[in-house]
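*Asks:* One predicted model, sequence on top.
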Amino acid sequence: MPSQRGRLKIKITLLANRQQIRRQLKQACTSHDPVRARYALLEWGRVRWPNEFIHGLHQIADKSPSTALRLELSRLDAVLFANHRMQWNGLALWQSIVVEGKPKTRFAKSGTRLPQLYPQQA
């Protein structure tokens, strides 16, 4: 069983790997390189869902709640498997990855508040 120091080292390594994969994905998307984007996406998916065997973009699409990400993954697949060479713009895919990575808020941002647990009686 790893010591506390060993577990911290593992966590730091995993964080560094996540950041490196994210940088590679951003670079592939912003340079409009569909092949590099596919490989980076597969690595991103493996890190995001470590208990799953991710080997295709369709698996990432199946796991993602984001309609925008699923659409961009479908577009990337179409470019990769087209019979002729197609131009691909990866900026929309990168934007959907950025949105996917943001933490979801648990509560609606409205002016409503929960009622008091023990309201004062008049």
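*Replies:* Perfect, I can see it now. The shown structure was predicted, so the numbers you read here are calculated from the model rather than taken from an experiment.
*Asks:* need the helices for this structure, in chain order.
*Replies:* Assigned by DSSP state H, the helices in the chain fall at 4-30, 34-48, 57-63, 67-80, 91-101.
*Asks:* which ones are touching residue 56?
*Replies:* Contacts for residue 56 (C-beta atoms under 8 Å, 6 or more residues apart in numbering) come out as residue 42. All C-beta atoms are positioned from the backbone trio N, CA, C, and that covers glycine.
*Asks:* re earlier: which one of the helices of the chain is the most hemmed in?
*Replies:* helix 34-48 (a mean of 19; mean count of other C-beta atoms under 10 Å).
*Asks:* so where's this protein shaky on pLDDT?
*Replies:* Across the chain, residues meeting the criterion (pLDDT under 70) sit at 1-16, 102-116, 119, 121-122.
*Asks:* hmm, back to that, now the helices of the chain in JSON lines, please, with extra columns for distance to residue 118.
*Replies:* Listed next are the helices of the chain as JSON lines, based on distance: least, C-beta to C-beta, whole Å:
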{"stretch": "helix 4-30", "distance to residue 118": "42"}
{"stretch": "helix 34-48", "distance to residue 118": "43"}
{"stretch": "helix 57-63", "distance to residue 118": "43"}
{"stretch": "helix 67-80", "distance to residue 118": "43"}
{"stretch": "helix 91-101", "distance to residue 118": "40"}
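*Asks:* Which one of these lies nearest to residue 120?
*Replies:* Checking the helices of the chain against residue 120 by C-beta to C-beta gives helix 91-101 as the closest, at 43.3 Å.
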